[in-house]
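A.B. asks: A predicted structure for the sequence below; I have some questions about it.
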Amino acid sequence: MSASVAPRWLTIAGIASLLWNFMGVWSFVTNWQMSKTGYVGLPDAQRELWSAMPTWTWVAFAIAVGCGTAGAVALLLRKGLAVPLFLVSFIAIIVQFSWPIFMTDAFSTMGAELVTFPVVLVLFGALQWYCARIWRARDWLN
C-alpha cells in the first residue's frame, strides 16, 4: 500500500492523536501560567510538588507536548516524520515524570495518585510512537 491508499481510519486516529496532544498543550499553558496563588486550591502535597518543579521538567513537558502535537499533524499529513516526533515526545514524557516519581519523596504522601496519570501518559506516548512505526512500515506514511 502507498500513502495515498491508507485506510480511512488512519485519519480518525490522527485526529484523536491531535486532540489528545492539544489537551497536553492546554495543560502545559494553564499550569505554566498558574501563579503561586493559583496553587492554593491544590492539596498540600500536590501544591508543594508543583511549586518545587525544576526548570528541566518544564522543558521536558514543553518538548513532550510540542513534539506530540507536531507528530499528530505529521500523521494527519501522512508524513513519516511522525515517527521521530512521537519518539522524542515519548522520551520527554518519561524525563518529565522522572523527577516527581523518582527524585522526590512525593510517593510517600501521594501514593498511587502520583503515578496513575503519568503511567497513562507514558502508555499513550508509547502507543503513538509504536503505531506510527507500523504505519510507516506499511507505507501509509511517506
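C.D. replies: Good, I have the coordinates.

A.B. asks: what about the helices in the protein?
C.D. replies: Assigned by DSSP state H, the chain shows helices spanning 9-33, 44-52, 55-76, 82-102, 106-110, 112-137.

A.B. asks: can you add mean neighbour count and mean pLDDT and give these back as CSV?
C.D. replies: (C-beta placed from N, C-alpha, C; glycine too.) Output for these, formatted as CSV (neighbours: other Cβ atoms under 10 Å; pLDDT from 0 to 100):
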stretch, mean neighbour count, mean pLDDT
helix 9-33, 14, 91
helix 44-52, 14, 74
helix 55-76, 20, 95
helix 82-102, 20, 92
helix 106-110, 15, 70
helix 112-137, 16, 90
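
A.B. asks: quick one, grab the pLDDT at Pro7.
C.D. replies: pLDDT, Pro7: 88.

A.B. asks: count of neighbours near it?
C.D. replies: When neighbours are counted by other Cβ atoms under 10 Å, Pro7 registers 12.

A.B. asks: any idea how far Ile134 is from it?
C.D. replies: Pro7 sits 12 Å away from Ile134, going by Cβ to Cβ, to the nearest Å.
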